[in-house]
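Colleague: I would like the atomic coordinates for the input below:
(chains A, B, C and D)
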Number of protein chains: 2
Amino acid sequence: MTVTTLHRPAHRDALASLEDAFRRGDLITVFGRCSVEYDGRASSSLGAGDRLLLLKPDGSALVHTDEGRTPVNWQPPGCDHFASVRDGRLRVRSVRRSPEELLDVRFDRVHHLVAYDVTDPDDLDLRGSEADLKEHVVANPERIEPGFEPLATERETTAGPMDVFGEDASGRPVAVELKRRRVGPDAVGQLRRYVDALEREFGADTTIRGVLVAPSVTDRAASLLERDGLDFVALDPTTGRPPDDSAP
Amino acid sequence: MTVTTLHRPAHRDALASLEDAFRRGDLITVFGRCSVEYDGRASSSLGAGDRLLLLKPDGSALVHTDEGRTPVNWQPPGCDHFASVRDGRLRVRSVRRSPEELLDVRFDRVHHLVAYDVTDPDDLDLRGSEADLKEHVVANPERIEPGFEPLATERETTAGPMDVFGEDASGRPVAVELKRRRVGPDAVGQLRRYVDALEREFGADTTIRGVLVAPSVTDRAASLLERDGLDFVALDPTTGRPPDDSAP
DNA sequence: AGGTCTATGTCGTTT
DNA sequence: AAACGACGTAGACCT
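Modeller: Presented below is the predicted three-dimensional model:
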């Protein structure tokens, strides 16, 4: 574990340190007064101010101000970082191909530069995702309704793969769309596309049912469900059981 | 501009420095070997490894590994940060109310701690957004089609506000949905909801038209547009003109 | 606080 | 590389 620090370095020294850190594959932070230009899918300009630039060995770049979870400018993993000194000032460019995108950070002053030698086993275990909800539903199909039988997950349709495909107690095909959180109109549209696809596939004589499974729905989404003859079942993604307030 | 640095501090010294930095409203980075627990809308665990914790004065917290644009764990702005030493080890907790969420970072070792005294005018100027495309359309309505006349933007419907509402050359109402990038099936569903809402509002005798405006469409979305009798116009959000490859 | 929608969304998966 | 959908999406704007 090595940490290399430069405090108020000359731009030329900052450059040398940066290039060493690039070679070593370090995680780098550069704090200083800078201006930022971005051009790619969109484009942006940011006037001079103090920001923290984070450069990762995987090619990501993040420009963070003192506010917000989201960086004010960034570049995704897979980019190439280049550092240089132009007009006596440190400049960091990060380039992406396909789509062609450029991030350009020009420093007036470098207050602080740190290079961290990192290795991370990186084994995040996340619970309460839609995948967890799916497991709950497949293991406890009666939570959807008595007699419901799951036949497949990720079953293909012309509208794309649906979350769960099954049959109800009377043998009618059922499309189930799962959401880990309260749903709006978009999820209803998604379910409807799967139901439509199945109706074309099975023919007009077969009635296809659609069930949206989520902790809750918005009013607008509830109206759309009713209009389209789709059902709703309230389930919590972490427990796989009805939420505490699912009586109404 | 002040930068305070601690290199391999004792946990107790790290705590004192952190609390000073909280008081001053500094932007803080803590680099060290840590484990992370999150519990809230979902929950997660992350085993020990070297990561960079970024604590902002607005209450955001970001845990970054050596990979990815997205932090492995985080807390949004508005949270309260608390530092302590438990069992001789530095611990940082970040708490959010509504929804109740907790981020807990426990350090085995603190390799490096820095507090930055930041102020940022923060005036990002972004071009090529959907708002820009809307301005282009309102200023050059003939780009939609000859005779198109915009009457309102963000016009309310029972399905929510539509981007642009107008009339075509023969006086028929037109709902326009704008997208800054290539669109998929979801955008068609959105436009359809607006058109449906207008049809109910105007009555069955009035034909409502719907136009999707974007640089391009996917095949599936194109099928849905055709099925629903909706139109597509290819426009680029940065130029407001047809993209280079919009002939087909 | 809840609803709806945009985003340089990002990220994973599959074709 | 394109398409499609999930995400602890975040963020903005409105009610």
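
Colleague: can we go C-alpha only for contacts and neighbour counts from here?
Modeller: Fine.

Colleague: can you tell if the longest strand belonging to chain A touches chain B?
Modeller: The strand that spans the most residues within chain A, counting by DSSP state E, is strand A:101-116. Yes: Strand A:101-116 comes into contact with chain B (Cα under 8 Å from any Cα of the partner chain), by way of A:H111, A:H112.

Colleague: do stretch A:173-190 as well
Modeller: Yes: against chain B, stretch A:173-190 shows contacts by Cα under 8 Å from any Cα at A:D186, A:G189, A:Q190.

Colleague: Any chance of TSV for the residues you listed, columns secondary structure and distance to B:L102?
Modeller: Below are the residues of stretch A:173-190 next to chain B laid out as TSV (DSSP: H, G, I helix; E, B strand; the rest coil; distance: Cα to Cα, whole Å):
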residue	secondary structure	distance to B:L102
A:D186	helix	29
A:G189	helix	34
A:Q190	helix	32
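
Colleague: between the residues you listed, which is nearest B:A14?
Modeller: B:A14 has its nearest neighbour among these in A:D186, at 47.1 Å by Cα to Cα.

Colleague: pLDDT score assigned to the residue nearest to that closest one when sequence neighbours are not counted?
Modeller: Excluding its sequence neighbours, the residue lying closest to A:D186 (Cα to Cα, 6 or more residues apart in numbering or on different chains) is B:D186, at 7.0 Å. B:D186 carries a pLDDT value of 96.

Colleague: State the distance from B:D186 to B:R192.
Modeller: Distance check for B:D186 against B:R192: by Cα to Cα, to the nearest Å, it reads 10 Å.

Colleague: which of the two has more neighbours?
Modeller: B:R192 (25 against 16; other Cα atoms under 10 Å in any protein chain shown).

Colleague: Could you list the low-pLDDT ranges of chain A?
Modeller: For chain A, the stretches flagged by pLDDT under 70 are A:246-248.

Colleague: Contact partners for A:D132?
Modeller: The neighbours of A:D132, taking Cα atoms under 8 Å, 6 or more residues apart in numbering or on different chains as the test, are A:P237, A:T238.

Colleague: so which of the residues of stretch A:173-190 next to chain B would you say is closest to DNA strand D?
Modeller: Using Cα to the nearest atom of the strand, A:Q190 comes nearest to DNA strand D of those, at 6.3 Å.

Colleague: looking at chain A, which residue lies furthest from center?
Modeller: Computed with Cα atoms, centre = their mean, the residue of chain A farthest from its C-alpha average is A:D205, at 40.3 Å.

Colleague: Give me the residues contacting stretch A:232-245.
Modeller: With Cα under 8 Å, 6+ apart as the test, stretch A:232-245 has contacts from A:127-130, A:132-133, A:136-137, A:143-144, A:179-181, A:211-216, A:225, A:246, B:42.

Colleague: try 6 Å
Modeller: Defining contact as Cα atoms under 6 Å, 6 or more residues apart in numbering or on different chains, one finds that stretch A:232-245 is touched by A:G128, A:L133, A:H136, A:R180, A:V211, A:L212, A:V213, A:A214, A:P215, A:S216.

Colleague: Same check on stretch A:48-66?
Modeller: With Cα under 6 Å, 6+ apart, stretch A:48-66 has contacts from A:25-35, A:71-80, B:56, B:66-67, B:69, B:120.

Colleague: So in terms of bridging, what pairs with A:V114?
Modeller: A:T5, A:T29 (DSSP bridges).

Colleague: ok, now how distant is the residue of chain A at minimum distance from DNA strand C from B:A14?
Modeller: The minimum distance from chain A to DNA strand C, using Cα to the nearest atom of the strand, falls at A:N73 (3.3 Å). The gap separating A:N73 from B:A14 is 30 Å, by Cα to Cα.

Colleague: quick one: which of these two has more around it?
Modeller: Using other Cα under 10 Å as the criterion, A:N73 and B:A14 rank with B:A14 on top: 25 against 21.

Colleague: what about the nearest residue in space to A:G32 that is not next to it in sequence, how many neighbours?
Modeller: Nearest non-adjacent residue to A:G32, counting by Cα to Cα, 6+ apart: A:V110, 4.3 Å away. Around A:V110 sit 22 other residues, with neighbours defined as other Cα under 10 Å.

Colleague: Which residues does the residue of chain A closest to DNA strand C form beta bridges with?
Modeller: Counting by DSSP bridges, the residues bridging with A:N73 are A:V63.

Colleague: Chain A - how does it break down into domains?
Modeller: A:3-116, A:130-234 (automatic domain parsing).

Colleague: Please work out which of those is packed deepest.
Modeller: Among the domains of chain A, domain A:3-116 has the highest mean neighbour count (mean count of other Cα atoms under 10 Å in any protein chain shown), at a mean of 20.

Colleague: SS state for A:V188?
Modeller: helix (DSSP: H, G, I helix; E, B strand; the rest coil).

Colleague: And it, how far from DNA strand D?
Modeller: 11 Å (Cα to the nearest atom of the strand, to the nearest Å).

Colleague: Now do the contacts for that residue.
Modeller: Residues near A:V188 by Cα under 6 Å, 6+ apart: none.

Colleague: From A:S129, how far out is it?
Modeller: 19 Å.

Colleague: Run through the residues of chain A sitting next to chain B.
Modeller: A:42-46, A:49-50, A:56, A:58, A:60, A:66-69, A:76-77, A:120, A:124-128 (Cα under 6 Å from any Cα of the partner chain).
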